[in-house]
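Q: My questions are about this predicted structure, shown below with the sequence.
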Amino acid sequence: MDDLLYIVVTAFVSVAVLFILSKLIGNKQMSNLNMFDYVNGITIGSIAAEMATSEISDFWQCFVALLVYALIMILLTILSQKSAVCRRFFTGKSIVLYDRGKLFKRNLTTAKIDFNEFLTMLRDKEYFSLDDVETVMFEHTGQISVLPKDKSRPVSPDDLKIVTQQKRIEVVVVADGRVLKKNLNSTGNNMDWLNSELEKQNEKIETVFAAFCDGDNNLKILKCSDRNPTNNPFC
């Protein structure tokens, strides 16, 4: 029983330490991790798992190892932010793979991808012909960035000389039937405005799953139902 209690406690401690260290290191999407970050993340997770089931003497060894790995990653991040040379060394740099009808084979070798992989990555970006592509860059994250030719890019309002109004982000003011007062105040409105808008739509706060205030100061309501849809074509 004491052993089980010890494992429960050390597991909670390892999770807490892992959470704190991940916040100190910084959040990154999986697609933005380079190989070094990925390997370090796996190593730190493995040490944390070992720490959860280790003896008391090994517990502190694992704890110190976690701190060392985290400090190294934090230090490398700071160095990369301060120095362009360090940033290129630790995270790499962008490589031109294709530009104005020319494919750079040596850069494909540097990026460690072959021509078929190159074409596959282009198709993933919805470019099925090199005639539609002006420049392709290989980023340090392992993804490609594509600059399409003018004839292949989507038409924008500027191209059509259309004047548009900039949209603003919609603010959630009601969630799960509860008013988010801080968000409501950030829109410049108050409870009187919210109740008035709900009354106009014959709704009550208790029956609203979520409500949003858009850039034009309109209230948009999202309703919720416990019943399954009657016109579901996938049943």
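A: Everything's here; your move.

Q: hmm, who's touching stretch 114-126?
A: Applying C-beta atoms under 8 Å, 6 or more residues apart in numbering, the contact partners of stretch 114-126 are 97-98, 103, 108, 113, 128, 130, 133, 136, 143-144, 146. From N, CA and C alone the C-beta is placed, and that goes for glycine too.

Q: ugh, wrong one, I meant stretch 192-209
A: By C-beta under 8 Å, 6+ apart, the surrounding residues in contact with stretch 192-209 are 173-179, 184, 211, 218-219, 221-224.

Q: Kindly check the end-to-end length of it for me.
A: One end of stretch 192-209 to the other measures 19 Å (C-alpha to C-alpha, to the nearest Å).

Q: Flag every buried residue along it.
A: Using 16 or more other C-beta atoms under 10 Å as the test for burial, stretch 192-209 gives 193-194, 197-198, 203, 208.

Q: Ok, stretch 81-98 next?
A: 87, 90-92, 95, 97-98.

Q: I'd like the distance from the helix or strand where Asp192 lies to the chain centre, please.
A: Per DSSP states H and E: Asp192 is located in helix 191-200. Helix 191-200 sits 35 Å away from the centroid of its parent chain (C-alpha atoms, centre = their mean, to the nearest Å).

Q: Among the contacts of stretch 114-126, name the buried ones.
A: Using 16+ other C-beta under 10 Å as the burial test, those include 97-98, 108, 113, 133, 136, 144, 146 as buried.

Q: just to revisit the earlier point, between the contacts of stretch 114-126, which has the least confident prediction?
A: Ranked by pLDDT, these bottom out at Gln143 (88).

Q: and that one, backbone torsions?
A: phi -100, psi 160 (degrees, to the nearest 10).

Q: Equivalent analysis for Asp99, please.
A: When read as degrees, to the nearest 10, the backbone of Asp99 gives phi -150, psi 120.

Q: Once you drop chain neighbours, what's closest to it?
A: In space, and not counting its chain neighbours, Asp99 is closest to Thr135: 4.8 Å by C-beta to C-beta, 6 or more residues apart in numbering.

Q: How far off centre is stretch 152-167?
A: Offset of stretch 152-167 from its chain centre (C-alpha atoms, centre = their mean): 27 Å.

Q: Same question for that stretch: list its buried residues.
A: Under 16+ other C-beta under 10 Å, stretch 152-167 has no buried positions.
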